[in-house]
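[1] Sequence and computational prediction follow.
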Amino acid sequence: MSAIVVGEDGLARCCWADSAPEYRAYHDTEWGFPVADDVRLFEKLSLEGFQAGLAWLTILRKRDAFRRAFEGFRFDRVARFDESDVARLLADSGIVRHRGKIEAVINNARRAVELVGEQGSLSAYVWRFEPEAAHATDLPSTTPESKALAKDLKSRGWRFVGPTTVYAFMQAMGLVNDHVDGCHARTRVEAARRRFERP
């Protein structure tokens, strides 16, 4: 199977990106572009946890509902959620109603508040794990860096942050550029990564 697909608009994309309009927009404007905003980083880690066992498209289509349910993923607010919020979220048909994942986001929000107090920002912490060089052509599901970040997060009490989940987060937030050769977004992402000021 080719790593590239050419869409109806004539643009070449990574093969996963042309099966739905939501995927195309996400691929072309978000995936791989570097992010330093703490709230966006926390949102993505949270949604990757919800995605475990599901298609990313399912989460993408529910993203607005997740944002409403979790107060925009402002982790200082989510950290104050209690059991009544868990009950509210479990009754929210707009999101994935999985108690363990919901409780993990609340727990992780509390851990994020602690981490920011210690490191200054979630961004400064996460970007310390950026790989020094690109990996081989075949896209891995984990890397030494994702394993290291997952291990460190778990040591700080975070949940649903295994190395595969963390690598998907790193790909999406621009810590690596995994747009394949020939994809129209690859050069734009690489240019954005060159301009990006690491925190």
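    Nice, thanks for sending it over. Keep in mind that what you see is a predicted model, and the values were worked out from it rather than measured.
[2] need the helices for this structure, in chain order.
    Read by DSSP state H, the chain holds these helices, from start to end of the chain: 21-29, 38-51, 56-61, 63-69, 75-78, 83-90, 99-119, 122-126, 144-155, 163-172, 186-195.
[3] Same list, these, but as TSV with distance to residue 14 and mean neighbour count please.
    C-beta coordinates here come from the backbone N, C-alpha and C atoms, glycine included. Converted to TSV, the helices of the chain look like this (distance: least, C-beta to C-beta, whole Å; neighbours: other C-beta atoms under 10 Å):
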stretch	distance to residue 14	mean neighbour count
helix 21-29	6	15
helix 38-51	17	22
helix 56-61	13	16
helix 63-69	20	15
helix 75-78	30	20
helix 83-90	32	13
helix 99-119	27	18
helix 122-126	23	21
helix 144-155	19	18
helix 163-172	10	22
helix 186-195	9	14
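[4] Between the ones you listed, which one is closest to residue 180.
    With C-beta to C-beta as the criterion, residue 180 lies closest to helix 186-195 of the helices of the chain, at 7.0 Å.
[5] May I see the helices of the chain organised as TSV, with mean pLDDT and distance to residue 178 added?
    TSV is the format used below for those (pLDDT from 0 to 100; distance: least, C-beta to C-beta, whole Å):
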stretch	mean pLDDT	distance to residue 178
helix 21-29	96	11
helix 38-51	97	15
helix 56-61	96	14
helix 63-69	98	21
helix 75-78	98	26
helix 83-90	98	32
helix 99-119	98	24
helix 122-126	98	17
helix 144-155	97	12
helix 163-172	96	5
helix 186-195	96	9
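[6] can you tell me which of these comes nearest to residue 179?
    Using C-beta to C-beta as the measure, helix 186-195 is the one of the helices of the chain that comes nearest residue 179, at 3.8 Å.
[7] Report the angle between the closest one and helix 21-29.
    Per axes from the mean of the first three to the mean of the last three C-alpha atoms, to 10 degrees, the angle that helix 186-195 makes with helix 21-29 is 50 degrees.
[8] same for helix 186-195, what does it pack against?
    Packing partners of helix 186-195 (3 or more C-beta pairs under 8 Å, 6 or more residues apart in numbering; DSSP states H and E): none among the helices and strands.
[9] Show residues contacting it.
    Contact with helix 186-195 is made by 32-34, 174, 177, 179-180, as judged by C-beta atoms under 8 Å, 6 or more residues apart in numbering.
[10] Recalculate using a threshold of 10 Å.
    Around helix 186-195, the neighbours that count as contacts under C-beta atoms under 10 Å, 6 or more residues apart in numbering are 12-14, 28-29, 31-34, 130, 134, 174-180, 183, 185.
[11] got the CA coordinates for it in PDB?
    Taking only C-alpha atoms (Å, rounded to 0.1, in the frame of the first residue of the first chain), the coordinates of helix 186-195 have been written out as PDB:
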ATOM      1  CA  ARG A 186       5.700  17.800   5.000                       C
ATOM      2  CA  THR A 187       7.700  20.900   3.800                       C
ATOM      3  CA  ARG A 188       5.200  23.300   5.500                       C
ATOM      4  CA  VAL A 189       5.600  21.400   8.800                       C
ATOM      5  CA  GLU A 190       9.400  21.300   8.500                       C
ATOM      6  CA  ALA A 191       9.400  25.100   7.900                       C
ATOM      7  CA  ALA A 192       7.200  25.600  10.900                       C
ATOM      8  CA  ARG A 193       9.500  23.400  13.000                       C
ATOM      9  CA  ARG A 194      12.500  25.500  11.900                       C
ATOM     10  CA  ARG A 195      10.800  28.700  12.900                       C
END
